[in-house]
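> Generate coordinates for the sequence data below:
(one chain, ligands or ions: 2)
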Amino acid sequence: MSSTNRLKELRNQIDPINLQILELLNKRAEIALEIGKVLQEMGTRFYDPQREAEMLTALQYVNEGPFSNGLQLGNDSFELIAGPCAVESYEQMDQVGAALAARGVKMIRGMGYKPRTSPYDFQGMGEEGLKIARQVANKYGLVVISEVLDLSLIPMMDEYVDAFWVGARNMQNSFLLRALGKQSKPVLLKRSFGATLKEYIYAAEYIMSSGNHQVILMERGIRTFSEWTRNTLDISAVPLLKQETHLPVIVDISHSAGRRDIANSLGRVARVSGADGLMVEVHPNPDVAMSDAKQQLNLDQFNHLMDDIESISMGHKQPAV
Ligand code: PEP
Ligand code: MN
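Ligands and ions are numbered 1, 2, ... in the order given. Model prediction:
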């Protein structure tokens, strides 16, 4: 069949579907109006965010694609990705999940595998950790993002996560990047602490040129002579990456500083930098965390950060340039 005929045939399939969608939307609207009347009689408010969240979670749960459940990034909003450095227990994730949901944060870190500098340090709970992350995310209507350390883990992780995460140490693992380019889920790609922006953009292109254009960038600080921070947050990367790529850009305020006492300042900077969001590590009890204890925020500190971010009023995001 010629391309023109194939196109005509496919378009013919779309037209009746449009009519069905319209009919269903009208049916839904009629019922929603009835619900509104009943709620009015009962004296309750028309918009019930709890019910909206339940419906959304139920839909996301049964959704098998090709629509992804979507990381809501790159539009006009400023979104947070938060959660502990690593999944350590159900209770730990449950406490964080509840705190995130209460503040409207939709994306949780669900790290089962940790790339550690020392082989003797905690390496993560593995698949068990991913199961916990999924359970908690379903309970609170959150999206799970999790670091994939090796391409052999992709099929297993696909069962649990909504998006894949490539850590700084793997930014130039072209085999991994290409494999993720063949996935249908979004890929969050962190900048390596030693990579130029050009190298970083090439890494993103490995994913996109393999077919997956849902790439999210994350600036996480680069290595400099700074003694008082773990890395140095390269904030100029934000407007430059936005200018050069048009991909969503997130700022990691935890690994860039490596210390929680300046997290709020960096959060405010991220907010006004033109970034699409920030990433912060949150743990119910950071002092006993099995990794990155010094930089994780406790739940009170997380709430303060949220207050700070929300207090910065921006009609629209700052222009990237
Ligand atoms: C992380 O965000 O969990 C992490 C390990 O950071 P990075 O890859 O930037 O070192
Ligand atoms: Mn960490």
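
> alpha carbons only for contacts and neighbour counts from here, please
Fine.

> Can you name the residues of the stretch 201-321 of the chain that neighbour ligand 1?
Contacts of the stretch 201-321 of the chain with ligand 1, taken as CA under 6 Å from any ligand atom, map to residue 220.

> Low-confidence bits of the stretch 201-321 of the chain, can you list those?
Low-confidence segments of the stretch 201-321 of the chain (pLDDT under 70): 315-321.

> Okay, strands next: where are they in it?
215-219, 249-252, 277-281 (DSSP state E, counting those that start in this stretch).

> now those as a markdown table including mean neighbour count and distance to residue 45?
A markdown table is the format used below for these (neighbours: other CA atoms under 10 Å; distance: least, CA to CA, whole Å):
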| stretch | mean neighbour count | distance to residue 45 |
| --- | --- | --- |
| strand 215-219 | 26 | 37 |
| strand 249-252 | 28 | 36 |
| strand 277-281 | 25 | 31 |
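
> May I see those organised as a markdown table, with distance to residue 44 added?
Output for the strands of the stretch 201-321 of the chain, formatted as a markdown table (distance: least, CA to CA, whole Å):
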| stretch | distance to residue 44 |
| --- | --- |
| strand 215-219 | 40 |
| strand 249-252 | 39 |
| strand 277-281 | 34 |
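
> quick one: contacts of the host helix or strand of residue 136?
Using DSSP states H and E, residue 136 falls within helix 127-140. Helix 127-140 is contacted by residues 57, 61, 87-90, 93-94, 97-98, 101, 108-112, 142-144, 146, 157, 160-161 when judged by CA atoms under 8 Å, 6 or more residues apart in numbering.

> Can you get me the start-to-end distance on stretch 171-183?
One end of stretch 171-183 sits 17 Å from the other (CA to CA, to the nearest Å).

> What of stretch 227-237?
21 Å.

> buried ones in it?
Buried residues in stretch 227-237, counted by 16 or more other CA atoms under 10 Å: 229-233, 235, 237.

> Give me the number of neighbouring residues for whichever residue of the stretch 1-150 of the chain sits closest to ligand 1.
Per CA to the nearest ligand atom, residue 85 is where the stretch 1-150 of the chain lies closest to ligand 1, at 5.5 Å. The number of residues packed near residue 85 is 26, by other CA atoms under 10 Å.

> what about it, which helix or strand?
Using DSSP H and E, residue 85 is not contained in any helix or strand.

> Per-residue confidence at it, what does it come out as?
You'll see residue 85 listed with a pLDDT of 98.
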